[in-house]
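Q: This is a predicted model, with the sequence first.
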Amino acid sequence: MIQTVEPSPVYNLAQYRSWRTTVQTRKKTASIGERVLARLGVKSAEEIPIKVKKMDGSGNISFHVAVGDLLTDEEGKEMNGVVLPSRRFGTFFVDAMGELLVRRNLEEFLTYLVKIKTTDLDRLAKMQHATFGLTEKNKSFCFIFHVSLLHRIFIDMVGMLTDSGEEGV
């Protein structure tokens, strides 16, 4: 639906037509990233299964989610094209979706946190997970993140446990 705004006084028909076309606005619709994140927020981990693939030598972990588990058929058609999924969703939404999926399936990733050598812990503590990578392959989305995210989540959980313990003192 196009909404129009009443014109201000204009001096001629050409200026009026130009003004009228520039002030017409469309009703804002949610982006595909907003819609997927909203839907992901109400679904359980069982409704959106993930497949953890591997951790490479530099600490990057990848996991896959079936396209059909994240997107509706209409959104799947909207995603087709030459634009990369990470750009189509938007960086904020890719990061939010990725972290939500990791936190909901944390038990599947803990084996990677345990695999970290004690000699690498100091280096890991200095590294910071920046963003998720996202690619599409074989009808699934592949999320990639750095193991330092798991370290940060673990530290957050320890902090929540100590904070709740202090309240009872």
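A: Arrived safely.

Q: just checking, next helix/strand downstream of the lowest-mean-pLDDT helix or strand in the chain?
A: When each helix and strand of the chain is scored by mean pLDDT, DSSP states H and E, strand 25-26 comes last, with a mean of 52. Following strand 25-26 in sequence order, the next helix or strand is helix 32-42 (DSSP states H and E).

Q: pretty sure Ser148 is touching Arg123, no?
A: No: applying Cβ atoms under 8 Å as the test, Ser148 and Arg123 come out as separate, 9.6 Å apart. Where C-beta positions appear, they are placed from N, C-alpha and C, glycine not excepted.

Q: more crowded one of those two?
A: The neighbour comparison of Ser148 against Arg123 (other Cβ atoms under 10 Å) goes to Ser148, with 18 against 12.

Q: you'd agree Ile155 is in a strand?
A: No: secondary structure assignment (DSSP: H, G, I helix; E, B strand; the rest coil) places Ile155 in helix, not in a strand.

Q: Burial check on it, number of neighbours?
A: Neighbour number of Ile155 under other Cβ under 10 Å is 11.

Q: show me the residues around the most centrally placed residue in the chain that make contact.
A: Compute the mean C-alpha point of the chain, and by Cα atoms, centre = their mean the closest residue is Val94, 2.3 Å away. By Cβ atoms under 8 Å, 6 or more residues apart in numbering, the residues touching Val94 are 33, 85-86, 131-132, 134, 143.

Q: Also Lys139?
A: 66-68.

Q: By neighbours, which of these wins?
A: Going by other Cβ under 10 Å, Val67 tops these with 17 neighbours.
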